[in-house]
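J.: Just need the structure, nothing else, for what follows:
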Amino acid sequence: MATEKGHNLAEIAKNLGINSLICRWKKELVEAPAILSEVLNILEETGKKHFPVVLPLHPRTFNIIRNNINLCNRFSKRGNDFLIFTEPFSFLEMIAAEKKCKLIMTDSGGVQKEAFFHRKPCITLRTETEWVELIDVGGISLQASKGK
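T.: Numbering: from 1, shown residues only. Sure thing, here's the model as predicted:
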């Protein structure tokens, strides 16, 4: 099944594999280069120690990386072997990726809930969540960056 952006959902699911991690970020988490750099460092280290990290990049995030000389020198247009950059996923692509991945890291309230529905561990990249019941049942954990 192809989406309007031309991605093939079966191909995305196959390429993600069972050990991938999916991330989604809000504007506040990527516009400060120090915070973005810290988060990318953590994701890259996770990729090196555990499993490759798949990061669908919003064009705004891609431009911030491209325009920051330190980040641009560290990552190619596609990331590296441990931190893999992709184009943003459509809703259906994101659902397919969530079903296949082993862990989800997000700041999106909707993705937190989807992680719970898919029975995937979820690290929420915020200091609070609107889904407090998911914390109560162990469905998500909160983890803010040091810079925020």
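J.: sec struct for the residue nearest to the spatial centre of the chain, please.
T.: For the chain, the residue nearest the mean C-alpha position is residue 23 (0.9 Å; CA atoms, centre = their mean). The three-state assignment at residue 23 reads strand, by DSSP: H, G, I helix; E, B strand; the rest coil.
J.: can you pull the contacts of it?
T.: Shown in contact with residue 23 (CB atoms under 8 Å, 6 or more residues apart in numbering): 43, 53, 54, 55, 56, 104, 105, 106, 125. From N, CA and C alone the C-beta is placed, and that goes for glycine too.
J.: now these in JSON lines, with pLDDT, neighbour count and distance to residue 64?
T.: Output for the contacts of residue 23, formatted as JSON lines (pLDDT from 0 to 100; neighbours: other CB atoms under 10 Å; distance: CB to CB, whole Å):
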{"residue": "43", "pLDDT": "85", "neighbour count": "20", "distance to residue 64": "15"}
{"residue": "53", "pLDDT": "86", "neighbour count": "27", "distance to residue 64": "18"}
{"residue": "54", "pLDDT": "87", "neighbour count": "24", "distance to residue 64": "19"}
{"residue": "55", "pLDDT": "87", "neighbour count": "24", "distance to residue 64": "13"}
{"residue": "56", "pLDDT": "87", "neighbour count": "20", "distance to residue 64": "15"}
{"residue": "104", "pLDDT": "89", "neighbour count": "26", "distance to residue 64": "22"}
{"residue": "105", "pLDDT": "87", "neighbour count": "24", "distance to residue 64": "18"}
{"residue": "106", "pLDDT": "85", "neighbour count": "23", "distance to residue 64": "18"}
{"residue": "125", "pLDDT": "81", "neighbour count": "22", "distance to residue 64": "16"}
